[in-house]
Structure formats: C-alpha cells, structure tokens
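Enquirer: What would the 3D arrangement of this be:
(chains A and B)
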Amino acid sequence: MIDLEKFRKNPEVYKEEVKKRNMDIDIDEDIALDEKRRKLIFKVEKMRARKNEVSAIIPKASGEDKQKMITEMKELNLGLKDLESELELLEKSFFEKISTYPNLTHESVPVGKDENDNIMAYKVGRVPDFDFIPKSHSELGVMLGIIDEERAAKISGSRFVFLKNENVMLQFALVQYVLNILSKRGFIPLVPPVLVKERAMYGTGFFPVEASQYYKTELDDLYLIGTSEVPLCAYHSDETISAEKLPQKYAAYSTCFRREAGSYGKDLGGLFRVHQFDKIEMFIFSHPENSWDDFEFLRDTLEEIVKGLGLHYRIMNMCTGDIGTPNAKKYDLEAWMPAQKNYREIASCSNDTEFQARRLNIRFKDGERKGFVHTMNSTACAVGRVIMAIMENYQDRYGNIRIPQNLIAYMGGMEIIKR
RNA sequence: GGAGAGGUGGCAGAGUGGUUGAAUGCGGCGGUCUUGAAAACCGUUGAGGGCUUUGUCCUCCGGGGGUUCGAAUCCCUCCCUCUCCGCCA
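Expert: Numbers count the residues shown, from 1 in each chain, chains lettered A, B, ... in the order given. Below you'll find the predicted structure:
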C-alpha cells in the first residue's frame, strides 16, 4: 500500500514510478476519485455531527420540542443512509484501484522493460569445466533413482515430483546446513502454517495483482502459500515493535505451492519449475533508517549459503520492469546450470520498504518517533533448485554425484551418490 | 462433529437504551518525596480518518446486518477463543 498523503501531494512521483515500471494506471483519474471521495466524507460527517448534536439534547427535551427533533432526525437519517451507501461504493472502488499501485523503487534500481534489462552486478566463482557433456539433473535423477517424475505425474499431474533415496537425505542435509548458518546470524527459526487467510495474501502484496498464481481451498477461505514470506510477514501484523528490538530476523522452513499459471510449456521436467517445493525463507523487520544496510546483510547471508555449497553464480540487480509490485529493490541470485549452459534463478532477495507494513499495520516506536517498519525477504535455500544445481554441477562422467564438502557431515558421511 | 461459557482500551475487569471513548485496578509516562531506589502521593496515558490542521469534527466495545430520534447495551447472522465429550497425526 502506498502513502495516500504523499500520493495526493505529489502524484508526479507515482506517475514517474508507473512509467518506469511499464504499468498502465490512470493516475489523474484516481486523484479525481479521491477528491470526490473526500468531499463525500466531509458531507457525511457533517450530517453525523448534526445527528449527534441533536441526540444529546433530545433526552433533556419534552413535549412538542422533542417530537419536532425526533421528526427532524428521521428525515436526516433518510438522506444520510443514501449518502453512506454512495460513499461505501466510492471507497471500495478507490481502494481497489489504489491497491494495485506499486512501491516506489530505490534510486539504484535500473530502469528497464523486462528481464533483458536486468543488470548483472557481479559474478562469484567461475564456470566449471567438464571434459564430458554434462547431463541434466532430470536425466541424472532417473538414472540414479533419486527423482521420480513419472509417478508424480500419474498421481498429481505435471510439475510434481517425488524426491527419492539420497535426494531425500540431501534435502534434509541442506536444511540443517542452512539453519546452522542462519542461527549463527541471529535468525529465529520458524515452521509456519502454509494455509493462510486472504488478509495475509493481500497484506504481503501477492493479492490482488498475482492472485491467479495461488491455490485456494474450496471449503474454507484459505490460501496455500507460495512462499513463507506470507506467514512470516503477517507474523507481526497489527503489532508495534519497539526500536531496540529491531531488526527482528526470522527464517521459516515450509512447503510452497504455486499454480504456475501462464507458464505452460516453460521449464518442463525436473525440479526447476514445480507446483510444490520446500524452501527456507529469511525475513527481516527493520528500522527504516537501517533498512538498506539490513538489506545488504540479507543478500550477504544468502551468498554465504550459496558460496558454502561451491556453486558458481551471479547477482542480478533487477530492473523496474521485472521486479514485483511490492518491491523497492530486488536482487536475483542465478546459479550456473551446466546442462543448460546458463544461469538460472535459485534465490531472490527483496526490500519492500514500508509497502507491506502499511497493509499489515506493522509499526515501530522509537522514543517519540512512530512509523511503519521496513520489511525485506530473501530465499535462504529453495531446496529443489539447489538440489538441481548440486546434481548438475557435481556430476562426474559416470553419472555419479559428489556431495558438496559442507554437506557431507549432514549426510552421515556420504561423499558420493552412485549406483 | 456434539454440549456449554465467553469475546469491552497494553492487560485485568465494570457497564443491559440517552454527556460512556467508556468506571475501577494493574501496567506505561511525567512529577513530588529520597543520597539513590522502592513505597506513598499528584498528574497523565488508545487507534484511525476528514477539514478552514497548534483547533475541530467523524468512526471504532470480535465481523456483518437490523430495531430506534439515540445501541457497548435489544434482535438476527457469521467468526473466534475457552471448558467438557467424541474422532484423529
């Protein structure tokens, strides 16, 4: 949610933002709607004030005076009811419109149309050499019996997988490895609910813009989360956090669900794009003054995790046309995938400044100063995609997969997956 | 799923139709006293929103709807919490 006062005073800022993001919003129309709305509020409140005024006198009056006043109030009520329902409609359409407005981007975000305009910030490590043609993780998965897509399709349809045998161990090894790093860095671990109310989806900014990406339950008004960013962010909704306690850092392990509507035929097969995957997500509630430092800390934490796995990757500074509505800035971490000979996104890290905090009413108090906290989130480990990266990068010419050094202990000493 | 109880300010807890945005207590903040602290005493203490913005008005007693000139208080409905029973990982 944007700051309405700022919006009224300075609509140009939002016009500029909408243009940068390549969005189509008629701001002048919404400004006019807001004016109309406020005029009506004024009118309605005037009538209510009159009503309250007379109601205070009525008990003291008697006889004819009293009857006169009661009659006047009856009439006033008729007009008031009409105006109130008119106002309700206006409010609804105004807030529907305003809730599609994007956050304001940070000055360091490159302006661009789509993913082609994202800017590579830097690379870490180097492209690994293979003296054979590396296989896809999907192929390796079948050969080694550690991924079963066929049976998953039989049961649940496409874009579902079974992890099997060593891959199951690898998943939990990764989780242990990551939680260890995160607890050293002061993150409080959580296992959150994966079904949430509409407010949580709306408050985090996934609704209304991306609503078609998420599963909804039929009997109850609950939604399956696409990321634990949702319950993490909503965790402190309607709370005021005192400044000494900031930043509050959390890490949640959960399953995530995405409909992947509109991505038909894209990245079919394997672990890359599936309807259900497990992920550890980091989340920070931050003091606005430290927001951008905390954000770099978050990015650094993510990189420590990926570096420790020995993966080659690059950090992308995502452009205005490619970042999410709530994001003020976003980095993607793209790991090298040998079979595709390309970098693919395995994590992303965004600062949403006060966009979510406004919607979920998450405040801070710093002495006399009050305001909305800043919220930011980052993938710590998207298990499926990281397993994919490990399988492809750590394969040998025989189709075996070595275990990254830092995971061996968590794998009970296992050093290689082979048949 | 069945039976019962209940949802009021940061918390506890009054209030059953008319200056009740809400008594009282605790907590918080400020002050007096004290070498300091505690105790005691005095004062203060919700949020959101409109406008002609150091003021004024409006809204908010779980959500929604209704009755009434007037609702925290009456009616309907939904939700949630607690206790007991049943079922269950």
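
Enquirer: Near RNA strand B, which residues of the stretch 51-200 of chain A are found?
Expert: Within the stretch 51-200 of chain A, the positions near RNA strand B by Cβ under 7 Å from any atom of the strand are A:51-56, A:58-59, A:70, A:73-74, A:77. Every residue, glycine included, has its C-beta placed from N, CA and C.

Enquirer: 6 Å instead?
Expert: Residues of the stretch 51-200 of chain A lying close to RNA strand B by Cβ under 6 Å from any atom of the strand are A:52, A:55, A:58-59, A:70, A:73-74, A:77.

Enquirer: from those residues, which single one is nearest A:Asp300?
Expert: A:Asp300 lies nearest to A:Asn52 out of these, by Cβ to Cβ, at 56.8 Å.

Enquirer: now that closest one: how far from A:Leu80?
Expert: Note on A:Asn52: its distance to A:Leu80, by Cβ to Cβ, to the nearest Å, is 12 Å.

Enquirer: of the two, who's got more company?
Expert: Between A:Asn52 and A:Leu80, counted using other Cβ atoms under 10 Å, the more crowded position is A:Leu80 (17 against 9).

Enquirer: Which residue is the nearest non-sequential neighbour of that one?
Expert: Using Cβ to Cβ, 6 or more residues apart in numbering and skipping residues adjacent in sequence, the residue nearest A:Leu80 is A:Met47, 4.9 Å away.

Enquirer: ok, now A:Leu271?
Expert: Leaving aside its sequence neighbours, A:Leu271 sits nearest to A:Gly384 (Cβ to Cβ, 6+ apart; 4.0 Å).

Enquirer: Can I get stretch A:362-381 in PDB, CA atoms only?
Expert: Output of stretch A:362-381 as PDB, limited to C-alpha atoms (Å, rounded to 0.1, in the frame of the first residue of the first chain):
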ATOM      1  CA  ILE A 362       3.300  -3.300  11.500                       C
ATOM      2  CA  ARG A 363       4.700  -0.300  13.300                       C
ATOM      3  CA  PHE A 364       7.800   0.600  15.300                       C
ATOM      4  CA  LYS A 365       8.200   3.000  18.200                       C
ATOM      5  CA  ASP A 366      11.500   4.800  18.600                       C
ATOM      6  CA  GLY A 367      11.100   7.200  21.600                       C
ATOM      7  CA  GLU A 368       8.600   9.700  20.300                       C
ATOM      8  CA  ARG A 369       9.000   8.700  16.700                       C
ATOM      9  CA  LYS A 370       6.400   6.300  15.300                       C
ATOM     10  CA  GLY A 371       6.100   4.800  11.900                       C
ATOM     11  CA  PHE A 372       5.900   1.700   9.800                       C
ATOM     12  CA  VAL A 373       8.800  -0.800   9.800                       C
ATOM     13  CA  HIS A 374      10.500  -1.800   6.700                       C
ATOM     14  CA  THR A 375      10.200  -5.500   5.600                       C
ATOM     15  CA  MET A 376      12.500  -7.500   3.500                       C
ATOM     16  CA  ASN A 377      12.800 -11.100   2.500                       C
ATOM     17  CA  SER A 378      15.200 -13.400   0.800                       C
ATOM     18  CA  THR A 379      15.400 -17.000  -0.200                       C
ATOM     19  CA  ALA A 380      17.800 -18.800   2.000                       C
ATOM     20  CA  CYS A 381      17.500 -22.100   0.200                       C
END
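
Enquirer: Quick check, the residue in the stretch 151-300 of chain A closest to RNA strand B?
Expert: The stretch 151-300 of chain A approaches RNA strand B most closely through A:Asp220 (7.8 Å), counting by Cβ to the nearest atom of the strand.

Enquirer: do the same with chain A
Expert: Nearest residue of chain A to RNA strand B (Cβ to the nearest atom of the strand) works out as A:Met73 at 3.0 Å.

Enquirer: right, and that residue touches A:Ala56 too?
Expert: No. Applying Cβ atoms under 8 Å as the test, A:Met73 and A:Ala56 come out as separate, 11.7 Å apart.

Enquirer: Pick out whichever of the two has more residues nearby.
Expert: Ranked by neighbour count (other Cβ under 10 Å), A:Met73 and A:Ala56 place A:Met73 first, with 15 against 9.

Enquirer: Name the helix or strand for the nearest residue to that one once chain neighbours are set aside, please.
Expert: Nearest residue to A:Met73 in three dimensions, chain neighbours excluded: A:Val54, at 5.8 Å (Cβ to Cβ, 6+ apart). Taking DSSP states H and E as the criterion, A:Val54 maps to helix A:27-57.

Enquirer: Check which helices and strands that helix sits against.
Expert: helix A:4-9, helix A:11-20, helix A:63-98 (3 or more Cβ pairs under 8 Å, 6 or more residues apart in numbering; DSSP states H and E).

Enquirer: which helices and strands sit right next to the first one?
Expert: Of the remaining helices and strands, those touching helix A:4-9 by 3+ Cβ pairs under 8 Å, 6+ apart are helix A:27-57.

Enquirer: buried stuff in the helix it packs on?
Expert: Under the neighbour-count criterion of 16 or more other Cβ atoms under 10 Å, helix A:27-57 has A:27, A:30, A:33-34, A:37, A:40, A:44 buried.

Enquirer: quick one, it and helix A:63-98 angle?
Expert: 160 degrees (axes from the mean of the first three to the mean of the last three Cα atoms, to 10 degrees).

Enquirer: Would you check the distance separating helix A:27-57 from the middle of the chain?
Expert: Helix A:27-57 has its C-alpha centroid displaced from the chain centroid by 36 Å (Cα atoms, centre = their mean, to the nearest Å).

Enquirer: And for stretch A:235-248?
Expert: The answer for stretch A:235-248 is 18 Å, by Cα atoms, centre = their mean.

Enquirer: CA-only coordinates of that stretch, as CSV, when you get a sec.
Expert: C-alpha atoms of stretch A:235-248 as CSV (Å, rounded to 0.1, in the frame of the first residue of the first chain):
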residue,chain,number,x,y,z
TYR,A,235,3.6,-12.8,11.9
HIS,A,236,3.8,-9.3,13.4
SER,A,237,0.7,-7.8,11.8
ASP,A,238,-1.1,-5.2,14.0
GLU,A,239,1.9,-5.0,16.3
THR,A,240,4.1,-2.2,17.3
ILE,A,241,7.7,-3.2,17.8
SER,A,242,10.0,-1.1,19.9
ALA,A,243,13.1,0.2,18.1
GLU,A,244,15.6,-1.6,20.4
LYS,A,245,14.2,-4.9,19.2
LEU,A,246,14.8,-4.1,15.5
PRO,A,247,15.9,-5.7,13.3
GLN,A,248,13.9,-8.8,14.0
